[in-house]
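**Q** Next comes the sequence, and after it the predicted model I'd like to discuss.
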Amino acid sequence: MKLNRNFKNLKDNYLFAEIDRRVKAYTAEFPQSDIISLGIGDVTLPLSAKTIDACKSAAVDMSTRGGFRGYGPYDGYPFLKNAIVDYYKQHKVELHADEVFVTDGAKNGIGNFLDLFDADNTVLIPDPVYPAYVDANVLAGHKIIYADATKENGFLAMPPKRGKADIIYLCSPNNPTGAAYTAEQLKAWVDFALDCGAVILYDAAYEAFIETKGIAHSIFEVSGARECAVEFCSFSKMSGFTGVRCGWIVIPMESPLNRMWLHRQAIKFNGTSYVVQRMAESALRGGYEDTKKMVAAYKANAKLITAKLDALGIEYVGGVNAPYVWFYCGVDSWEFFDYLLKRARIVCTPGSGFGNNGNGWIRLTAFNTEERTREALIRFESFWKDFRTVADKKFTRV
Ligand code: PLP
């Protein structure tokens, strides 16, 4: 037996495992401490009543002779695929149902999609970015190059002036920075990809959080994208499905990847469960108002966070079209993490965990409850005043 040799190229400390380790070490020492997490990427609100109604009625279907379903289609049931096609119409994107593939979540889709590519590919990934892209490509043995996302470009990496790539990852609205591309900015990426003959793997997991006019909801709003892009999306954050598991991929019919993905799914996947797909359908149809309310609740938390950062004069991006706020702490991100935990009992996510350009930056999320977010921000205010007085003496400046 020969093991996948690429495993040894993965970083030892997965970001969230390291955070967990540090929080556990702290609570072992101070078991009574009331820790608030503004680091979580998981949702906290329960599923809506309409989602649960859809779940119950699908479960009843399964209990009847006429309604029972066994294995479903590899690419999802038409009722959900059509709901997704209709969802895109609000942003004037016309899709065919055969271009929509239901998955059991965006992460699985993004990772599994690499089955379609040869090992001999150069992959361009923004830095900083959602760590799963890098790790999945390390495992696949791909050569990885990075596109810088920095304060200067508003944490929106743009195509390199020289060089080329075969596979390009874009995430908008972005995890971790909360920054989001306009259709015009995406056009530059589409042109670059068409020039290189590359594919863009576009992660729109936070699309539902967009509120600013001009920000693209889908890469397929951009001309030329059908010739070079694939889009991944998820019910996780828009409808609270992180534990339910459902997402989708859009692959244009004219791309060879469309047939290849169907074939791949037929080999390795037996479909997302019927009950889950009925729940997802409800999130886009009868329960869509609840989906919007859930997103609005998290966005209200994001507003609380950005209002506090504004009041304290802290530099940040995000928080408007995304549940993430990315602020500048000016010192080594992990040192800041430890100090914030120790002094304010708040967990954040160190920006350096998302890439080299993230050092000196911190990600806060809007996924905690309103009450806990408010409490965290009260603590944060007094913490920040103290931190400013000691920052130069105690910390490694970035
Ligand atoms: N893509 C991005 C950018 C994410 O931040 C996440 C989860 O945090 C995912 C994908 C995973 O989504 P899912 O829960 O659908 O697997």
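**A** Alright, I've got the coordinates.
**Q** contacts and neighbour counts: CA atoms only from here.
**A** Fine.
**Q** Can you check the distance spanned by stretch 243-254, start to finish?
**A** From its first residue to its last, stretch 243-254 covers 34 Å (Cα to Cα, to the nearest Å).
**Q** Contacts for it next, please.
**A** Applying Cα atoms under 8 Å, 6 or more residues apart in numbering, the external contacts of stretch 243-254 come out as 98-106, 109, 226-227, 229-236, 257-259, 272, 276-277, 280.
**Q** Please repeat the previous calculation with a cut-off of 7 Å.
**A** With contact meaning Cα atoms under 7 Å, 6 or more residues apart in numbering, stretch 243-254 is reached by 99-106, 226, 230-236, 257-258, 276.
**Q** Not counting sequence-adjacent ones, nearest residue to Thr177?
**A** The shortest distance from Thr177 to any residue other than its chain neighbours is 5.0 Å, reached at Trp326 (Cα to Cα, 6 or more residues apart in numbering).
**Q** How about that neighbour: which residues does it bridge to?
**A** Using DSSP bridges, the bridge partners assigned to Trp326 are Val317, Arg363.
**Q** Near Asp386, how many residues? Count them for me, please.
**A** Neighbours of Asp386 under the rule other Cα atoms under 10 Å: 12.
**Q** Make 29 the first number, not 1, from now on.
**A** Got it, first residue is 29 now, which makes that one Asp414.
**Q** For Arg400, see how far away it is.
**A** Using Cα to Cα, one obtains 21 Å as the distance from Asp414 to Arg400.
**Q** circling back: just to check, the residue nearest to Thr205 is in contact with Val348?
**A** No - applying Cα atoms under 7 Å as the test, Trp354 and Val348 come out as separate, 11.2 Å apart.
**Q** who's more crowded, these two?
**A** Neighbours were counted for Trp354 and for Val348 using other Cα under 10 Å; Trp354 has more, 26 against 21.
**Q** all helices of the stretch 229-378 of the chain, in order?
**A** Using DSSP state H, counting those that start in this stretch, the helices assigned to the stretch 229-378 of the chain run over residues 264-267, 284-296, 302-312, 316-340, 361-372.
**Q** right, and those helices - which one's nearest the ligand?
**A** helix 264-267 (4.8 Å; Cα to the nearest ligand atom).
**Q** Export only the CA atoms of that closest one, formatted as CSV.
**A** As requested, the backbone C-alpha atoms of helix 264-267 are provided in CSV (Å, rounded to 0.1, in the frame of the first residue of the first chain):
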residue,chain,number,x,y,z
SER,A,264,-25.5,26.5,5.2
LYS,A,265,-25.3,30.2,6.1
MET,A,266,-28.4,31.5,4.3
SER,A,267,-30.8,29.0,5.9
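**Q** ok so, going back, restrict the contacts of stretch 271-282 to those near the ligand?
**A** With Cα under 6 Å from any ligand atom as the criterion, those include Gly133, Ala134, Ser262, Ser264 near the ligand.
**Q** Mind picking the two most distant members of those residues?
**A** When Cα to Cα is used, the two most widely separated members of these are Ala134 and Ser264, lying 8.4 Å apart.
**Q** between these two, who's got more neighbours?
**A** In this comparison of Ala134 against Ser264, neighbours counted by other Cα under 10 Å, the higher total goes to Ala134 at 24 against 21.
**Q** quick one on the thing from earlier: adding mean pLDDT, write the helices of the stretch 229-378 of the chain out as TSV.
**A** Converted to TSV, these look like this (pLDDT from 0 to 100):
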stretch	mean pLDDT
helix 264-267	97
helix 284-296	98
helix 302-312	98
helix 316-340	98
helix 361-372	98
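**Q** Next, format these as JSON lines and append distance to Ala185.
**A** Compiled in JSON lines, the helices of the stretch 229-378 of the chain are given as follows (distance: least, Cα to Cα, whole Å):
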{"stretch": "helix 264-267", "distance to Ala185": "24"}
{"stretch": "helix 284-296", "distance to Ala185": "25"}
{"stretch": "helix 302-312", "distance to Ala185": "31"}
{"stretch": "helix 316-340", "distance to Ala185": "23"}
{"stretch": "helix 361-372", "distance to Ala185": "21"}
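**Q** Out of these, flag the one nearest Val218.
**A** With Cα to Cα as the criterion, Val218 lies closest to helix 284-296 of the helices of the stretch 229-378 of the chain, at 17.0 Å.
**Q** Go through that closest one and flag the buried ones.
**A** When burial is assessed from 16 or more other Cα atoms under 10 Å, helix 284-296 yields the following buried residues: Leu285, Asn286, Arg287, Trp289, Arg292, Gln293.
**Q** Tell me which of the ones next to the ligand among the contacts of stretch 271-282 fall in strands.
**A** If you go by DSSP state E, those have Ser262 in strands.
**Q** and the residue nearest to Thr205, how far is that from Arg391?
**A** 5 Å.
**Q** shared neighbours, those two?
**A** Among the neighbours of Trp354, those also in contact with Arg391 (Cα under 7 Å, 6+ apart) are Pro204, Thr205.
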